[in-house]
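Visitor: make a model of this:
(2 chains)
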Amino acid sequence: MPEEIRLRIAPSPTGDPHVGTAYMSLFDRAFAHHRGGKFVLRIEDTDQARYNEGSVQEIINSLQWLGITPDEGPGIGGEYGPYVQTQRRELYSEHAEMLIKSGHAYRCFCTRERLAELHREQAGRKEPSRYDRHCLDLSEKEIEANLAEGKPYVVRLQTPDEGTTSFTDLIRGEITFENRVLDDTILVKSDGLPVYHLAVVVDDHFMKISHVVRGEEWISSTPIHVLLYDAFGWKTPHFAHMPLMRNADRSKISKRKNNTSIKWYREQGFLPEAMINFLALMGWSMPNGEEIFIYSDIEREFTFERVTTSGPVFDLVKLTSINGKYIRALSNDELYDRLLPYLPQGMDLDRVRLVVPVIKDRLTRLGEFEELTAYLFGPPPDYDASTLVPKKGTPKSARTALQRTRDLLENLPEPWTHEKWEGGMRALATDLGIKAGDLFMVLRVAVTGSTMSPPLFESIEILGKEETLGRLDRAIAKLG
RNA sequence: GGCGCAUUCGUCUAGAGGCCCAGGACACCUCCCUCUCAAGGAGGAGACCAGGGGUUCGAAUCCCCUAUGCGCUACCA
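Guide: Residues are numbered from 1 along each chain as shown, chains lettered A, B, ... in the order given. Okay, here's the model as predicted:
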């Protein structure tokens, strides 16, 4: 029987949904579906101190927005639930108990103070910081007495003193650790909740996870996990440690140096398909070298062999560039629909529809629309009268140019469409003895309030006759 | 400090012994197009493949060493 392919993303609900979660989810889902398997969401909320209410829903929403939804998970269902660790605590306690019975783990009653002291001493001697097994050989009687006294305790894994533990990483090959450098890691905290290492192994086993895909940061603790699988007599899953996305200084991507919240990208108006494309490019490439592709392409082509080993720097500039490409590829109707959530209340939607085609090539994020087109929905920004005057012109010549254009526009026959104006304006420029470009620049400033703007004639058309003439009048007045 | 992972243009990467005096993309520069800004098109600059040793007729590609970066080293994940 072929192996059932099941991958999971296991975020901790500790804050805003993180791009790293999206990054891992993307590859988890792509690989799982590539092989006809399932992508599972599991919430690792055993750290109650950092727990954040609402975070779970936001993670789900973010994955949904990106189009990389889980097949199983909290609120979604599936036959291996519950998918929230705090709802599985019985399981962990039972298994910790099993490990104690089988001699693979032991209770440790050491106080935090003693451990802190131990660490200090070891640091002073420049030794690696490891538990000294003070509680390893406690007698039955001592343990009973401590328990009867209600002394808090943790459960520790007893790691072997000799030999090595190794595993094969799908991206990096075989990785080996000396067992003697392994610490007797805490498996169950004194609050009775498991630590990541125990919970992840137990859950991955019972949820039938075939491939553990996670960040590179977990490589060091994988031997602990392998030891646990062995202790339970379970088959180890495949492991793949993805490279870590980095800040510009190459440190692990962080909130301080990057926008790590998926919500932020959504609010800015990055398209989900651009995000996916960009994230996929971080550490992975298409076999045919294509750099613009959609999720289904990734799903079709994904293999771990094509994942890079070194951590890519997260480059917002490149993301923005890809986003622009996706925006330009949208039809006008589609772009209009996508823009709606980014528009302020009460915006003239009929006008928005007219503006979409002229702004499309200039948008890099949907969130820019309002700012870029403000002059088409309200008064143009205030500008200095001197801006109206071309380099080689004078206030007087600018004034004349504006006045003549005003007359021209005022007497134009209906309908008010821009295609037929340009000839007349060019003729006017000739008549005035100035370059057409200079004339257009004077008008641009008068109409848009800026020397840089979307196309002038389309803008005039969208604004309408009355508004345009008004702006020309105001410009003329500015020039005295 | 210990252990581990990594190291090709500024950045993302292609490259799995000869096709590479290293290809593409983003950014940058120039030109074209053009009413400005964009978009688009055409060029350009940019990597002695971290360094040093091997192996080989031949290495970015295999091996070793060094350096550097990063990660882990919590009753966080």
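
Visitor: what does stretch A:248-255 contact?
Guide: When contacts are defined by Cβ atoms under 8 Å, 6 or more residues apart in numbering, stretch A:248-255 is touched by residues A:19-20, A:217, A:244-247, A:257, A:260-261, A:311, A:313-314. (Each C-beta comes from the backbone N, C-alpha and C, glycine too.)

Visitor: mind checking pLDDT for the residue lying farthest from the centre of chain A?
Guide: The outermost residue of chain A, judged against the average C-alpha position, is residue A:431 (56.5 Å), by Cα atoms, centre = their mean. As summarised for this prediction, residue A:431 has a pLDDT of 92.

Visitor: I figured residue A:19 hits residue A:260, correct?
Guide: Yes. Taking contacts as Cβ atoms under 8 Å, residue A:19 lies within contact range of residue A:260: 5.3 Å.

Visitor: return the residues of the stretch 301-450 of chain A in contact with RNA strand B.
Guide: A:305-306, A:308-313, A:315, A:317-318, A:321, A:324-325, A:328, A:361-362, A:436-437, A:440-441, A:444 (Cβ under 7 Å from any atom of the strand).

Visitor: from these, which land in helices?
Guide: For these, the ones inside helices are A:317, A:318, A:321, A:324, A:325, A:328, A:436, A:437, A:440, A:441, A:444, with DSSP state H as the criterion.

Visitor: which of those residues lies closest to residue A:170?
Guide: Distance ranking of those against residue A:170, using Cβ to Cβ, places residue A:318 first at 26.5 Å.

Visitor: quick check: the gap between the closest one and residue A:284.
Guide: In this structure, residue A:318 and residue A:284 are 15 Å apart, going by Cβ to Cβ, to the nearest Å.

Visitor: same drill for the two, tell me which one is more crowded.
Guide: The neighbour count for residue A:318 versus residue A:284, taken as other Cβ atoms under 10 Å, is higher for residue A:284 (21 against 13).

Visitor: residues making contact with the helix or strand that residue A:376 is a member of?
Guide: Assignment of secondary structure by DSSP states H and E places residue A:376 within helix A:374-377. Outside helix A:374-377, the residues that touch it by Cβ under 8 Å, 6+ apart are A:347-348, A:351, A:355, A:381, A:447-450, A:453, A:459, A:462-463.

Visitor: now do stretch A:98-118
Guide: Here stretch A:98-118 makes contact (Cβ under 8 Å, 6+ apart) with A:96, A:129, A:131-132, A:134-136, A:138, A:143, A:146, A:151-158, A:184, A:186-187, A:228, A:231-232.

Visitor: which bits of the stretch 101-250 of chain A sit near RNA strand B?
Guide: Applying the criterion Cβ under 7 Å from any atom of the strand, the portion of the stretch 101-250 of chain A that neighbours RNA strand B consists of A:110-112, A:115, A:119, A:126, A:128-130, A:152, A:154, A:172-173, A:175-178, A:181, A:183, A:186, A:189-191, A:193, A:195-196, A:216-221, A:243-244, A:246, A:249-250.

Visitor: how about a cut-off of 6 Å?
Guide: Along the stretch 101-250 of chain A, the residues adjacent to RNA strand B under the rule Cβ under 6 Å from any atom of the strand are A:111-112, A:115, A:119, A:126, A:128-129, A:152, A:154, A:172, A:175, A:177, A:181, A:186, A:189-190, A:195-196, A:216-217, A:219-221, A:244, A:250.

Visitor: can you tell me which of the residues you listed are buried?
Guide: In those, burial by neighbour count holds for A:115, A:154, A:172, A:175, A:177, A:186, A:189, A:195-196, A:216, A:219, A:221, A:244, counting by 16 or more other Cβ atoms under 10 Å.

Visitor: among the residues you listed, which pair sits farthest apart?
Guide: Checked with Cβ to Cβ, those reach their widest spread between A:115 and A:172, with 32.7 Å between them.

Visitor: dump stretch A:391-401 to CSV, restricted to CA.
Guide: Once side chains and other backbone atoms are set aside, the C-alpha atoms of stretch A:391-401 remain, and they are given as CSV (Å, rounded to 0.1, in the frame of the first residue of the first chain):
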residue,chain,number,x,y,z
LYS,A,391,11.6,76.5,-18.0
LYS,A,392,11.7,78.6,-21.0
GLY,A,393,8.4,80.3,-20.5
THR,A,394,7.1,83.3,-18.5
PRO,A,395,4.1,83.7,-16.2
LYS,A,396,2.5,85.7,-18.9
SER,A,397,3.0,83.1,-21.6
ALA,A,398,1.7,80.4,-19.3
ARG,A,399,-1.3,82.5,-18.6
THR,A,400,-2.0,83.0,-22.2
ALA,A,401,-1.6,79.3,-22.9
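
Visitor: list the buried residues for that stretch?
Guide: In terms of neighbour count (16+ other Cβ under 10 Å), stretch A:391-401 has its buried residues at A:393, A:397, A:398, A:399, A:400, A:401.

Visitor: got JSON lines for those, with distance to residue A:103 and pLDDT too?
Guide: Shown next, in JSON lines, are the buried residues of stretch A:391-401 (distance: Cβ to Cβ, whole Å; pLDDT from 0 to 100):
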{"residue": "A:393", "distance to residue A:103": "93", "pLDDT": "81"}
{"residue": "A:397", "distance to residue A:103": "96", "pLDDT": "91"}
{"residue": "A:398", "distance to residue A:103": "92", "pLDDT": "92"}
{"residue": "A:399", "distance to residue A:103": "96", "pLDDT": "93"}
{"residue": "A:400", "distance to residue A:103": "99", "pLDDT": "93"}
{"residue": "A:401", "distance to residue A:103": "94", "pLDDT": "93"}
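
Visitor: closest one to RNA strand B out of those, please.
Guide: RNA strand B lies nearest to residue A:401 out of the buried residues of stretch A:391-401, by Cβ to the nearest atom of the strand, at 13.4 Å.

Visitor: OK, contacts around the closest one?
Guide: Residues in contact with residue A:401, defined by Cβ under 8 Å, 6+ apart, are A:393, A:428, A:432, A:434, A:439, A:442, A:443.

Visitor: low-scoring stretches of the stretch 251-400 of chain A, by residue?
Guide: For the stretch 251-400 of chain A, no stretch is flagged by pLDDT under 70.

Visitor: now the strands for the stretch 101-250 of chain A?
Guide: Secondary structure of the stretch 101-250 of chain A, counting by DSSP state E, counting those that start in this stretch: strands at A:105-108, A:154-157, A:164-169, A:173-178, A:186-188, A:211-215, A:238-242.

Visitor: comparing the ones you listed, which comes out most buried?
Guide: For the strands of the stretch 101-250 of chain A, average neighbour numbers computed from mean count of other Cβ atoms under 10 Å are highest in strand A:186-188, which has a mean of 25.

Visitor: and that strand, what does it pack onto?
Guide: With contacts taken as 3 or more Cβ pairs under 8 Å, 6 or more residues apart in numbering; DSSP states H and E, strand A:186-188 sits against helix A:89-101, strand A:154-157, helix A:196-206.

Visitor: dump these to a markdown table, plus mean pLDDT.
Guide: A markdown table is the format used below for the helices and strands packed on strand A:186-188 (pLDDT from 0 to 100):
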| stretch | mean pLDDT |
| --- | --- |
| helix A:89-101 | 95 |
| strand A:154-157 | 96 |
| helix A:196-206 | 96 |
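
Visitor: reformat the contacts of stretch A:248-255 as JSON lines; add distance to residue A:366.
Guide: Compiled in JSON lines, the contacts of stretch A:248-255 are given as follows (distance: Cβ to Cβ, whole Å):
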{"residue": "A:19", "distance to residue A:366": "18"}
{"residue": "A:20", "distance to residue A:366": "24"}
{"residue": "A:217", "distance to residue A:366": "33"}
{"residue": "A:244", "distance to residue A:366": "29"}
{"residue": "A:245", "distance to residue A:366": "23"}
{"residue": "A:246", "distance to residue A:366": "27"}
{"residue": "A:247", "distance to residue A:366": "26"}
{"residue": "A:257", "distance to residue A:366": "25"}
{"residue": "A:260", "distance to residue A:366": "20"}
{"residue": "A:261", "distance to residue A:366": "17"}
{"residue": "A:311", "distance to residue A:366": "29"}
{"residue": "A:313", "distance to residue A:366": "25"}
{"residue": "A:314", "distance to residue A:366": "20"}
